[in-house]
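Visitor: Predicted structure and sequence below. I'll ask about it afterward.
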Amino acid sequence: MYKAIHCVFPAGNGVVAATEVEEIVDAQWRDLGMPETLWHCRVKEFGPLIVSIDTEGRNLFEENKVIFNERKEKAIEEICKHVSFIK
């Protein structure tokens, strides 16, 4: 069903990504705006990358949101024990 993966650069690596682009070959859907445009680029070395959506349709960000929300209340309770004097 899925025939592509979606990858993202780890936070703080935008400059690394930009310096590796040798040429912009093509750009599709420019009418959607710069961030949504599909850019076809020739690059030297592109990475490190994180696979955010794999060929099975699993979405790393959505899965991590669930894990975060499961742990959030316990973390808040623990933090509040140590900073309860702050109001």
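Guide: Cool, got the structure.
Visitor: what number of residues lie near F46?
Guide: Neighbourhood size, F46 [other CB atoms under 10 Å]: 13. Yep, even glycine has a C-beta here, placed from its N, CA and C like the rest.
Visitor: Likewise for I50?
Guide: Applying other CB under 10 Å, we find 14 other residues in the vicinity of I50.
Visitor: which residues does it bridge with?
Guide: For I50, the residues forming beta bridges with it (DSSP bridges) are V8.
Visitor: For it, give its distance to F9.
Guide: Distance, I50 to F9, by CB to CB, to the nearest Å: 8 Å.
Visitor: Find the helix or strand that T19 is a member of.
Guide: T19 belongs to helix 14-20 when assigned by DSSP states H and E.
Visitor: Quick one: residues in contact with that helix.
Guide: 9, 43-46 (CB atoms under 8 Å, 6 or more residues apart in numbering).
Visitor: again, 10 Å this time
Guide: 8-10, 41-49 (CB atoms under 10 Å, 6 or more residues apart in numbering).
Visitor: partners of whatever helix or strand comes next after it, with directions?
Guide: Downstream of helix 14-20, the next assigned helix or strand under DSSP H and E is strand 21-28. Strand pairing for strand 21-28, using DSSP bridges, gives strand 38-43 (antiparallel).
Visitor: circling back: and the helix holding T19, how far out from the chain middle?
Guide: The chain centroid and the centroid of helix 14-20 are separated by 15 Å, computed with CA atoms, centre = their mean, to the nearest Å.
Visitor: same deal with stretch 80-87?
Guide: 33 Å.
Visitor: Any regions of the chain where pLDDT drops low?
Guide: 1-2, 87 (pLDDT under 70).
Visitor: hmm, try it at 80
Guide: Applying pLDDT under 80 to the chain flags residues 1-2, 84-87.
Visitor: Report all helices and strands that the longest helix seen in it contacts.
Guide: In the chain, with assignment by DSSP state H, the single longest helix is helix 60-82. On a contact count with 3 or more CB pairs under 10 Å, 6 or more residues apart in numbering; DSSP states H and E, helix 60-82 meets strand 6-8, strand 50-53.
Visitor: Need those strands in a markdown table (columns: distance to K65).
Guide: Output for those, formatted as a markdown table (distance: least, CB to CB, whole Å):
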| stretch | distance to K65 |
| --- | --- |
| strand 6-8 | 15 |
| strand 50-53 | 12 |
